[in-house]
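S.K.: could you work out the structure for the sequence below:
(chains A and B)
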Amino acid sequence: MSELSVKHLLGIKYLTEADIQLIFDTATQFKEVINRPIKKVPSLRDITIANLFFENSTRTKLSFELAQKRLSADVINFASSVSSLKKGETLIDTVNNILSMKVDMVVMRHSSPGAASFLAKHVDATIINAGDGAHEHPTQALLDTFSINERLGDVAGKKVVIIGDILHSRVALSNIFALQKLGAEVCVCGPKTLIPKHITSLGVKVETDVNKALKWCDVANVLRVQFERMSASYFPSNREYAAFYGITKPMLDALDKEIIIMHPGPINRGVELSSAVVDSNQAIILDQVENGVAIRMAVLYLLAEKINHAN
Amino acid sequence: MSQKQLLSAEDLRIILFRLACQLKETHGDFSKTVLVGLQPRGVRLAKRLLHILQHHYKVADVKLSQLDITFFRDDFRRSDKVLNANVNNMEVGVENKRIVLIDDVLYTGRSIRAALTAIDSYGRPEEVQLLTLIDRRFSRHLPIQPDFCGRQVDAIQNELVVVCWQEEDNEDAVFLVNK
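M.R.: The predicted structure is shown next:
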């Protein structure tokens, strides 16, 4: 019988390997639940969850909301574009207003790194980080490593390369932490301008030649080029990025083993991945989406267990 | 902590044969029947009954499923125990089937209530019956009674009924343990 060592999910950095394993084990059971004729369990029926998305999101928000509904939680949604933030309210005030409506858990995406940790210190609710700036996106890393584990049977000892915009990516950092905790070797690959200066201090390899990186790895997790986060030109053009870092089917066919291709979405087809790669059997992109719901159900369930029941 | 033996290996053997015989009498060729063992301890009992049905009563095709009720329990966040999920295997399905829920000890009835709800999420069975090895009568919190019962036991609240199986505990026996 085990439980999580944390009360909030702020980042992979704060989880132990046993925590991640418990989340995987629980997610495996929830994956069975979401393939039943009736895909719903009553566990969280007395829990209310607020989804606060101060930054745009489609799939993460949908995935969280579906996970919450499959667990029978009550859900309220909040998007910053239609909120009082525009009227100058502070983050703590906004959240405390929502909490006074008797909300137990908060799932938050925010553009500032550390926003979730800040909130966890100042408000009385369980906080789940759904992405904080270019810092962490823990549930994405959990579903990515869960998908690798599902496909390859283990994460330990596997070689994983993260390709693309490492500099602006919270997915990259969370993945590096999760993969290392589970015993995988990690390499990052991309144009020098999109690789943070001191990334090797995290114990990862750096490679700028995508063909060498593909040859080395068992799994390639290909990130989206985040045009919206770029305040300067990091590479000359999309076409040039696609020519140097885009992955095509002939590149995969030239390798002496069949590697797995992952992508957190949304995909820029023809930029980081060619259509033939996206639609090939080597891509597990849609498995990642399905696993995302199961992983988020597991995280919500295991954290809800830590909330004291008001007697 | 003291313990008293309620059933010996021989008592258990006789009871298991009797329960299998009652199932055979009620379910005939088992064509529409699915035995559903509740995780974790009901599964062992279900496997024993399956073995007897197949090898001694020569029933060719008995279907066995295992059901985990963790996510349907009514004590989530209310008990000090951490609830970890077990494996479900309900591939046989329940739609229009005759379900026999199998658990080792029937106590408050809350697990069976959870199992009934869990069964619902796989479809609509024709009927659901309950088989338990031990029925702790007079301790029910819900109006639930077994259709097939190995032995009725009167136990007080701070007593625990422990069922041991050769496969896991190196002996077949049932004990009443004083907590």
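
S.K.: for chain B, where's the lowest mean pLDDT among helices and strands?
M.R.: helix B:166-169 (a mean of 90; mean pLDDT, DSSP states H and E).

S.K.: got any ranges where chain B has weak pLDDT?
M.R.: Within chain B, no range satisfies pLDDT under 70.

S.K.: quick one: name the residues of it near chain A.
M.R.: B:68, B:70-73, B:76-78, B:81-88, B:90, B:117, B:120-123 (C-beta under 8 Å from any C-beta of the partner chain). For the C-beta atoms, the positions are set from N, CA and C on the backbone; glycine is no exception.

S.K.: residue contacts, B:V105?
M.R.: Counting by C-beta atoms under 8 Å, 6 or more residues apart in numbering or on different chains, B:V105 touches B:41, B:132-134, B:136, B:161, B:163.

S.K.: can you show me the strands along chain A?
M.R.: A:48-53, A:74-79, A:105-110, A:126-132, A:159-163, A:185-189, A:205-207, A:219-222, A:260-262 (DSSP state E).

S.K.: would you list those strands in JSON lines and tack on distance to A:A27 and mean pLDDT?
M.R.: Shown next, in JSON lines, are the strands of chain A (distance: least, C-beta to C-beta, whole Å; pLDDT from 0 to 100):
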{"stretch": "strand A:48-53", "distance to A:A27": "18", "mean pLDDT": "95"}
{"stretch": "strand A:74-79", "distance to A:A27": "20", "mean pLDDT": "91"}
{"stretch": "strand A:105-110", "distance to A:A27": "17", "mean pLDDT": "95"}
{"stretch": "strand A:126-132", "distance to A:A27": "15", "mean pLDDT": "96"}
{"stretch": "strand A:159-163", "distance to A:A27": "19", "mean pLDDT": "97"}
{"stretch": "strand A:185-189", "distance to A:A27": "22", "mean pLDDT": "97"}
{"stretch": "strand A:205-207", "distance to A:A27": "29", "mean pLDDT": "96"}
{"stretch": "strand A:219-222", "distance to A:A27": "18", "mean pLDDT": "97"}
{"stretch": "strand A:260-262", "distance to A:A27": "17", "mean pLDDT": "97"}
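
S.K.: about what we covered before: farthest-apart pair in the contacts of B:V105, please.
M.R.: Greatest spacing in the contacts of B:V105, by C-beta to C-beta: B:R41 and B:R136 (14.1 Å).

S.K.: which of these two has more neighbours?
M.R.: B:R136 (22 against 18; other C-beta atoms under 10 Å in any protein chain shown).

S.K.: contacts only, for that one.
M.R.: Contacts of B:R136 by C-beta under 8 Å, 6+ apart are B:105-107, B:153-155, B:161.

S.K.: for these, pick the one with the most neighbours.
M.R.: Top of those by neighbour count (other C-beta under 10 Å): B:L106, with 26 neighbours.

S.K.: I'd say it and B:T132 touch.
M.R.: Yes - B:L106 is within contact range of B:T132, at 4.1 Å (criterion: C-beta atoms under 8 Å).

S.K.: which residues are common contacts for those two?
M.R.: Common neighbours of B:L106 and B:T132 (C-beta under 8 Å, 6+ apart) are B:146, B:149.

S.K.: ok, residue 100 - contacts?
M.R.: Looking at chain A here, since you left the chain open. So A:S100 contacts nothing (C-beta under 8 Å, 6+ apart).

S.K.: not what I meant, chain B
M.R.: B:23, B:27, B:33-36, B:128-131, B:147-148.

S.K.: let's see it at 7 Å
M.R.: B:V100 makes contact with B:23, B:33, B:35-36, B:129, B:131, according to C-beta atoms under 7 Å, 6 or more residues apart in numbering or on different chains.

S.K.: do B:G109 as well
M.R.: B:140-142, B:144.

S.K.: now do the phi/psi pair for B:L67.
M.R.: phi -120, psi 130 (degrees, to the nearest 10).

S.K.: secondary structure element for the nearest residue in space to it that is not next to it in sequence?
M.R.: Of all residues beyond its chain neighbours, the one nearest B:L67 is B:V36 (5.1 Å), with distances taken as C-beta to C-beta, 6 or more residues apart in numbering or on different chains. For B:V36, the host element (DSSP states H and E) is strand B:33-38.

S.K.: for burial, what's the neighbour tally of residue 6?
M.R.: As the question left the chain open, I've gone with chain A. Neighbours of A:V6 (other C-beta under 10 Å): 17.

S.K.: I was thinking of chain B, sorry if that wasn't clear
M.R.: By other C-beta under 10 Å, the burial measure for B:L6, its neighbour count, is 18.

S.K.: what sits against the closest residue to it other than its chain neighbours?
M.R.: Distance criterion C-beta to C-beta, 6+ apart; nearest residue to B:L6, sequence neighbours excluded, is B:V174 at 4.5 Å. Contact analysis of B:V174 by C-beta under 7 Å, 6+ apart lists B:6-7, B:12, B:134, B:161, B:163.

S.K.: please apply the same query to B:G93.
M.R.: Applying C-beta under 7 Å, 6+ apart, the residues near B:G93 are B:122-123.

S.K.: thinking again about what came up before, which SS class is the residue nearest to B:L6?
M.R.: With DSSP: H, G, I helix; E, B strand; the rest coil as the basis, B:V174 sits in strand.

S.K.: just to revisit the earlier point, residue contacts, the residue nearest to B:L67?
M.R.: B:65, B:67, B:99-102.

S.K.: which among those residues count as buried?
M.R.: B:65, B:67, B:99-102 (16 or more other C-beta atoms under 10 Å in any protein chain shown).

S.K.: can you tell me what sits against the lengthiest helix in chain A?
M.R.: In chain A, with assignment by DSSP state H, the single longest helix is helix A:285-304. Helix A:285-304 is contacted by residues A:4, A:9, A:22-23, A:26-27, A:30-31, A:34, A:43-44, A:47, A:59, A:63-64, A:66-68, A:70-71, A:105, A:126, A:128, A:139, A:142-144, A:146-147, A:150, A:262-263, A:265, A:278, B:77 when judged by C-beta under 7 Å, 6+ apart.

S.K.: still on that earlier bit, now neighbour count and secondary structure too, for the contacts of B:G109, in a markdown table please.
M.R.: Formatted as a markdown table, those follow (neighbours: other C-beta atoms under 10 Å in any protein chain shown; DSSP: H, G, I helix; E, B strand; the rest coil):
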| residue | neighbour count | secondary structure |
| --- | --- | --- |
| B:R140 | 16 | coil |
| B:H141 | 11 | coil |
| B:L142 | 11 | coil |
| B:I144 | 16 | coil |
